[in-house]
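*Asks:* Predicted model follows, preceded by the sequence.
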Amino acid sequence: KMNALGYVLSAGDDMSLRTLEEMERDVMQLYGGVAAEELFYGARGISVGAQNDIEKVTKMLNLMVNRLSMYSRSKIDYSQLQNDASGEHTLRQMEEKADELYSYTLGAMRDYRAMMESIKDTLLEQYVLSKDAVFALLQKSKQPVFVVGRGLINEDVTAAMAALAEQTGIPVGALQYTPDAFPSSHPLALGSLGRSGFGSANRIVPQADLIICIGAHIDTFSTTHKYGIFSEKAKLVHHSTAPGQIGIVFPVDIGVTGSTASFIAGLTERVSKAKLTKCWVDVPKARADWEAELQGVVNHTAVPIQSQFVAHMIRKVLPQNGLCVVDAGNGGKHVRSYFKSWEPGTFICIDDWASVGGSFPIALGAKLAQPQRPVLCASGDMGAMCNIGELETAMREKIPVVYVVFNDQGLGNERAFQNEHYGGRFFAVDYNNPDFGALAKVFGAHGEHVTRPQDLEGAIQRAFASGKPAIVDVMIDQNTLAPVVYRPQ
């Protein structure tokens, strides 16, 4: 109790106190759907994905305690807490105030629990009705698509999503941050959306009259945050476990929050009962056409080495269960275009914050978390310069990550933007790098410097075989720039 009081007092008088009414709105959103079922029905196991939801509810209850403590603080007078020479009087006052705060907070929590109990039926009814409403849209649609995101990986429901797609024949696109949420090896996989995504996804999703986004954080790389990849005429359903994500990019016809597992299970149950199928596009042909285009661009003999060839070779050498961590910049864009996934948990990029150089320390952490997976990090030369010091960490901690550097002696991404927006008038994009392969050897790591395309495959293979932290420094053509502006295909 004394610690709780100290926390509240240390926050200062300018703390933003929230009313119970504001907290009610927050909690109703976060408890929405299955989380509400778990909160109110507990061990009776009403929901699917129970463990995930219990964890969410527990976190929310902890947040409630903190906020209710702040609320209680605003109702209690602390002005009589004065210092004295002995400190005994102040300590007694502190103990009394701690008891008062503790009692007030417990009372507020009891009141809040009672209020939540009074609305539980409404919460549960709305969650069930939302699934019914989504299914009704699905029945009416002619050309539906699913678009999936990280929620599938977080709750380990990729297999359940695949079963739903197979049952309905509906194609599945993946948001660009998580191309492994629905493996591109699946026959109904369109691949990732967006500027550096798959042409198969970018051509088919705009034709959809219903887009059902599941476990989705709608990002700018995948959608450009404007209509085009998502048709303005299409009905849009957005499911997310984070209610604050729904409707912030595109207006939605139906927004659903709650467990990803439960949402997929609810749709699957309704589809099964109705024997609903919606086969409307030849996904394997679309994928084959795109793959032919993609490979047709690759030049296996060009010197300097082509960026597309490096991206192609990364996917060729990295085992199917290998984890690829991709940096921001020109090299990362090429890797996204050529990355095919076979299972979830095999791709990480640095998402919205796009911090250049972040991929290498992230890859080190990923390898520690998943030591059984081969881990490859891909970045540009500026990314390598930003965090090259972490190679000492990798050596000291014996973390065998393979780092492939797209080295164009400058800022390839800025080059691409200046080429696109300023007619090729380049400014401050060229500089001289060290030989990163030689630098790796100075640290005691495995290092190679590659200038010929025929040497690249062997270099990456040797890097993995070394069992040490490794850098493969690849000298690439400055002119192989990935698109920085999305154009409809």
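*Replies:* Nice, I can see it.
*Asks:* G358: neighbouring residues, count only.
*Replies:* As a burial measure, G358 scores 20 neighbours (other CB atoms under 10 Å). For every residue, glycine as well, the C-beta is placed using N, CA and C.
*Asks:* pLDDT wise, what is it at?
*Replies:* With respect to pLDDT, G358 scores 92.
*Asks:* what about the residue lying closest to it once chain neighbours are set aside, how many neighbours?
*Replies:* Excluding the flanking residues, the one nearest G358 by CB to CB, 6 or more residues apart in numbering is I350, at 4.7 Å. Per other CB under 10 Å, the neighbour tally for I350 reads 20.
*Asks:* looking at it, I350 is touching I362, isn't it?
*Replies:* Yes. The criterion here is CB atoms under 8 Å, and I350 meets it with I362 at 6.9 Å.
*Asks:* before we move on, back to that, list the contacts for the residue nearest to G358?
*Replies:* Residues counted as contacts of I350 (CB atoms under 8 Å, 6 or more residues apart in numbering) are 326-328, 358-359, 362.
*Asks:* How about V249?
*Replies:* So V249 contacts 218, 223, 225 (CB under 8 Å, 6+ apart).
*Asks:* helix or strand for the residue nearest to the last one when sequence neighbours are not counted, which one?
*Replies:* Here the nearest residue to H225 in space, its sequence neighbours aside, is V249; by CB to CB, 6+ apart that works out to 5.5 Å. Secondary structure here is read from DSSP states H and E; on that basis V249 sits in neither a helix nor a strand.
*Asks:* my guess is I153 meets T178, correct?
*Replies:* Yes. The criterion here is CB under 8 Å, and I153 meets it with T178 at 6.2 Å.
*Asks:* More neighbours: which of these two?
*Replies:* Neighbour tally, I153 and T178, criterion other CB under 10 Å: the higher count belongs to T178, 28 against 20.
*Asks:* Backbone dihedrals for the more buried one, both of them.
*Replies:* Here is the backbone geometry of T178 (degrees, to the nearest 10): phi -140, psi 70.
*Asks:* quick one on the thing from earlier: and the gap between the residue nearest to G358 and V356?
*Replies:* Between I350 and V356 the computed distance is 9 Å (CB to CB, to the nearest Å).
*Asks:* tell me, what's touching the two both at once?
*Replies:* Going by CB under 8 Å, 6+ apart, residues that sit against I350 and also against V356 are 327-328.
*Asks:* which parts of stretch 271-279 are buried?
*Replies:* Going by neighbour count (16 or more other CB atoms under 10 Å), the buried part of stretch 271-279 is 271, 276, 278.
*Asks:* quick one: it to chain centroid distance?
*Replies:* Remark: stretch 271-279 is offset 30 Å from the chain centroid, using CA atoms, centre = their mean, to the nearest Å.
*Asks:* one step back: if any of the contacts of V249 are buried, give me the ChimeraX selection for them.
*Replies:* Here is the ChimeraX command that selects only those of the contacts of V249 that count as buried (16+ other CB under 10 Å):
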select :218,223
